[in-house]
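Peer 1: pasted the sequence and its predicted model underneath.
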Amino acid sequence: MAASDIPAVFILVRAAFARDVAPGYGADGVQNFLEYVSQNALALRLRKGHQTWVAEQDKAIVGVLQLRLPRHLCMLFVSPDCRYSGIARSLWALAVQSLQARGERGVVTVNSSPYAVEAYRRFGFTCDGGQTNVGGIVSQPMVFALPG
């Protein structure tokens, strides 16, 4: 992802979150999440070296995946209009390839929204403990064992 992609990524993430995740959160969780994905926060994470990939369709950003190194998946969103088209799976495959190319071993972690748990299971993640609620952000810790 380039810095010039940040406004489009923010719009995509905000739309997907509002549709699928926010209805299960209270006001504090929504506010905290929107601060986490603000354009300033996205730019800061990009400068800190978070690996970020975007998927484009007809020159529009329709998917984003961000990894906090060494092995934490901190964001994966696909435009609501493009769900079930393989975009998330393709972004995840790129992330796994990148991790393997760097010689990473062990597990990748993610704090999945309750909405996305089944999607992560299809990618090979398993639950790691019970749901958590930090600042109103409800999540299910999950892990993925890197091949090799």
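Peer 2: Yes, it's here.
Peer 1: thought residue 106 was touching residue 146?
Peer 2: Yes: checked against CB atoms under 8 Å, the pair residue 106 and residue 146 is within contact range at 6.3 Å. The C-beta positions use only the backbone N, C-alpha and C, and glycine is treated the same way.
Peer 1: please enumerate the helices of this structure.
Peer 2: Secondary structure of the chain, counting by DSSP state H: helices at 6-16, 27-36, 39-47, 87-101, 117-122.
Peer 1: show me what the last one is packed up against.
Peer 2: Other helices and strands packing on helix 117-122, by 3 or more CB pairs under 8 Å, 6 or more residues apart in numbering; DSSP states H and E, are strand 137-145.
Peer 1: now the strand it packs on: average pLDDT?
Peer 2: Strand 137-145 carries an average pLDDT of 97.
Peer 1: now it: buried residues?
Peer 2: By 16 or more other CB atoms under 10 Å, the buried positions in strand 137-145 come out as 137, 138, 139, 140, 142, 143, 144.
Peer 1: can you check stretch 11-25 too?
Peer 2: Burial within stretch 11-25, assessed by neighbour count using 16+ other CB under 10 Å, is assigned to 12, 13, 14, 16, 17, 20, 21, 22, 25.
Peer 1: can I get those residues in a markdown table with pLDDT and distance to residue 39?
Peer 2: Conversion of these to a markdown table gives the following (pLDDT from 0 to 100; distance: CB to CB, whole Å):
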| residue | pLDDT | distance to residue 39 |
| --- | --- | --- |
| 12 | 97 | 12 |
| 13 | 97 | 10 |
| 14 | 96 | 10 |
| 16 | 94 | 16 |
| 17 | 95 | 14 |
| 20 | 92 | 21 |
| 21 | 93 | 19 |
| 22 | 94 | 18 |
| 25 | 93 | 21 |
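Peer 1: ok, of these, which one's closest to residue 79?
Peer 2: Closest approach between the buried residues of stretch 11-25 and residue 79, by CB to CB: residue 12, at 5.7 Å.
Peer 1: how about the closest one, what does it touch?
Peer 2: Neighbouring residues of residue 12 by CB atoms under 8 Å, 6 or more residues apart in numbering: 61, 62, 63, 64, 77, 79.
Peer 1: if we go to 6 Å?
Peer 2: Residue 12 is in contact with 61, 79, counting by CB atoms under 6 Å, 6 or more residues apart in numbering.
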